[in-house]
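Visitor: Structure, please.
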Amino acid sequence: MPRCSIVIPVYNRAVLTAQCLGLLAPRDDVEVIVVDDGSKDWTRSLLAAHGDRIRVVTHGRNEGFARSCNDGAAVATGEFLVFLNNDTLPRTGWLDALVDHADAHPRAAVVGAKLLFPNNTIQHAGVAVCQDGYPRHLYAGFPANHPAVSRSRPFQIVTGACMLVRRRVFEDAGGFDPSYINGFEDVDLCLRLGVAGHEVHYCCECVVEHLESVSPGRHARDRHNVDLYRGRWMGRVRPDDLGYYIADGLLRIHYEGHYPVGIEAAPELAVVGAEASPGGMETELRDRSREVADLLRENVKLRAELGRRSPDSEVLAYDRLRQELRKLVCESVPEGASVLVATKGDGALLRMGNRAGGHFPQGPGGVYSGYHPADSESAIRHLEALRCAGARHLVVPETMRWWLDHYQGLALHLADTAVVVAQRPGVGVVYALGGMAAPRPTATAAPQLSDPTTETVTT
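Guide: Next comes the predicted model:
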């Protein structure tokens, strides 16, 4: 008995079907089932030429994606159903990757693939439910090897263009819903299985090229399908797109102790659509500029109101800390120096006059990493890498003073290899980073910020 049953629904486009079948190497543990959905070209003779290497289900008329897949699944004998569009070009190892992932994750009832456009950019790397409640392909247009699409993980939805489903689960769910017509069938199935307690996964190791734009009749019933989806799922689905952006480091939210929060978007997300006309792009940019100006005005009003109502609030106290820390750095660090700051994501702490401020810790491109070091060893390793890259000073604000107690190994490392050039109670401490270990004069590694004096050392 085969382990996998590959089900390929086809309607005309015999050339594409021939390409797809030509890439499926014969295997004893795999059966290939092609459902001819009423094709009017030479598809029938093409399938006949393959003989008993494939099984053929023939429809007298075009029944649509859902019925074709369901009829193919009905004659399948494999443990896994693998639904595959005929406008796909599977790459070496694609099927083994799907099966291996399913074997390694028994709770995953559905496993989807990484689908690429012919230009080697992402067409599908999981489907996210956006804040408006509608599903969209996540990271479409990203490079095929981008870190955000290069790890397998759960999703609520994956596309049916290349989708493994456990046959027993598929049968229990009643298969694809034929109420949808060439669109949203995969979305609906994944959501139904999720409600039933199953998991849906994306497998980045399974790579398939998808000629999506050539699928015939693909958008003919979009309005019908959207209305059906909205009536069945709107309000029941959980928006998750922002969670993926944050988890992948493409969207960062900085909590600075007050409203408004700081939001930092990676360039991949903050783009204006290239398909816009020059005039349309100018209009969009002008509208966005107006919106930003309005937001800035509201923020100024809110900050003024906060200051009027609570002059001793945490907001103003934190603003004073920023100012005092900036003054401390400007007094003790020469202009042009590279300064690392334990910011916890507050970009305002990096504004140190004519000095190059950088987050510590930081990720690619110098953006805040979004998390604290795992341990002292990780913190030291990261600090030394940044020092070798040119960082000359480290600033620990009073709000991050706990680091020097929690990361005791880091505190000892700083005592051995760095010099305290300035410290001020309630403000912070400034280190000059060095490479040579020096004897520690005392057993206390962390600087005593409670000392009422301010010490400045010229380096």
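
Visitor: for the longest strand along the chain, which positions count as buried?
Guide: Criterion DSSP state E: the longest strand present in the chain is strand 199-210. Neighbour-count burial for strand 199-210 flags E199, V200, H201, Y202, C203, C204, E205, C206, V207, V208, E209, H210 (criterion: 16 or more other CB atoms under 10 Å). All C-beta atoms are positioned from the backbone trio N, CA, C, and that covers glycine.

Visitor: now for these, which pair is the farthest apart?
Guide: E199 and E209 (26.2 Å; CB to CB).

Visitor: how would you label the nearest residue to L138 once chain neighbours are set aside: helix, strand or coil?
Guide: Nearest non-adjacent residue to L138, counting by CB to CB, 6 or more residues apart in numbering: A128, 4.3 Å away. Secondary structure for A128, judged by DSSP: H, G, I helix; E, B strand; the rest coil, is strand.

Visitor: got a list of what A128 touches?
Guide: P135, R136, H137, L138, F155, I157, D240, D241, Y244 (CB atoms under 8 Å, 6 or more residues apart in numbering).

Visitor: Just the buried residues from those, in ChimeraX please.
Guide: The following ChimeraX line selects those of the contacts of A128 that are buried, judged by 16+ other CB under 10 Å:
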select :135,137,138,155,157,240,241,244
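
Visitor: quick one, helices of the protein?
Guide: 14-22, 43-49, 65-74, 94-104, 167-173, 185-195, 222-233, 241-247, 278-309, 314-332, 376-388, 403-406, 408-417 (DSSP state H).

Visitor: Packing partners of the second one?
Guide: Other helices and strands packing on helix 43-49, by 3 or more CB pairs under 8 Å, 6 or more residues apart in numbering; DSSP states H and E, are helix 14-22, strand 30-37, strand 55-59.

Visitor: cool, and the shortest one?
Guide: Judged by 3+ CB pairs under 8 Å, 6+ apart, helix 403-406 is in contact with helix 408-417.

Visitor: If you count neighbours, what's buried in the helix it packs on?
Guide: Neighbour count says helix 408-417 has L410, A411, L412, H413, L414, A415, T417 buried, by 16+ other CB under 10 Å.

Visitor: hang on, the first one packs against S376?
Guide: Yes: in terms of CB atoms under 8 Å, L410 counts as a neighbour of S376; the distance is 4.7 Å.

Visitor: and the longest strand of the chain, what does it pack onto?
Guide: Under the contact criterion of 3+ CB pairs under 8 Å, 6+ apart, strand 199-210 touches strand 88-90, helix 94-104, strand 108-116, strand 153-155, strand 162-166, helix 185-195.

Visitor: of all these, which lies closest to E264?
Guide: strand 153-155 (22.7 Å).

Visitor: Give the pairing partners of the closest one; include direction for each.
Guide: strand 199-210 (antiparallel) (DSSP bridges).

Visitor: Show me the shaky parts of the stretch 151-300 of the chain.
Guide: In the predicted model of the stretch 151-300 of the chain, residues 212-221, 255-262, 270-300 satisfy pLDDT under 70.

Visitor: again, 90 this time
Guide: 182, 211-223, 249-300 (pLDDT under 90).

Visitor: Go ahead and confirm V429 touches A422.
Guide: Yes: in terms of CB under 8 Å, V429 counts as a neighbour of A422; the distance is 7.2 Å.

Visitor: These two - which one has more neighbours?
Guide: When V429 and A422 are compared for neighbours, V429 comes out ahead with 25 against 22, by other CB atoms under 10 Å.

Visitor: what pLDDT does that one get?
Guide: If you check V429, the pLDDT there is 94.

Visitor: Quick check: bridge partners of it?
Guide: With DSSP bridges as the rule, V429 is bridged to V396, Q423.

Visitor: my guess is S5 meets R167, correct?
Guide: Yes: with contact defined as CB under 8 Å, S5 counts as touching R167 (7.2 Å).

Visitor: what touches both of those two?
Guide: If you check S5 and R167 against CB under 8 Å, 6+ apart, the residues they both contact are A73, A76, G78, F80, L81.

Visitor: Who wins on neighbours among those?
Guide: Ranking these using other CB under 10 Å puts L81 first, with 25 neighbours.

Visitor: quick one, what contacts that residue?
Guide: C4, S5, V7, A73, L164, V165, R166, R167, F170.

Visitor: so how far is G370 from the closest residue to the fourth one other than its chain neighbours?
Guide: Pointing back at A73 there. The shortest distance from A73 to any residue other than its chain neighbours is 5.3 Å, reached at L81 (CB to CB, 6+ apart). Remark: distance between L81 and G370 (CB to CB, to the nearest Å) = 39 Å.

Visitor: one step back: with respect to K327, which of the buried residues of strand 199-210 is nearest?
Guide: The shortest approach to K327 among the buried residues of strand 199-210 belongs to C204, at 48.5 Å (CB to CB).

Visitor: Give me the spatial nearest neighbour of D28, chain neighbours excluded.
Guide: P2 (7.6 Å).

Visitor: What count of nearby residues applies to that neighbour?
Guide: So P2, with other CB under 10 Å, has 16 neighbours.

Visitor: wait, doesn't it sit right on L95?
Guide: No: assessed by CB under 8 Å, P2 is found out of contact with L95, at 11.6 Å.

Visitor: Touching both of those two, which residues are there?
Guide: Common neighbours of P2 and L95 (CB under 8 Å, 6+ apart) are V30.

Visitor: How many residues are close by Y134?
Guide: 16.

Visitor: got it, and A173?
Guide: So A173, with other CB under 10 Å, has 18 neighbours.
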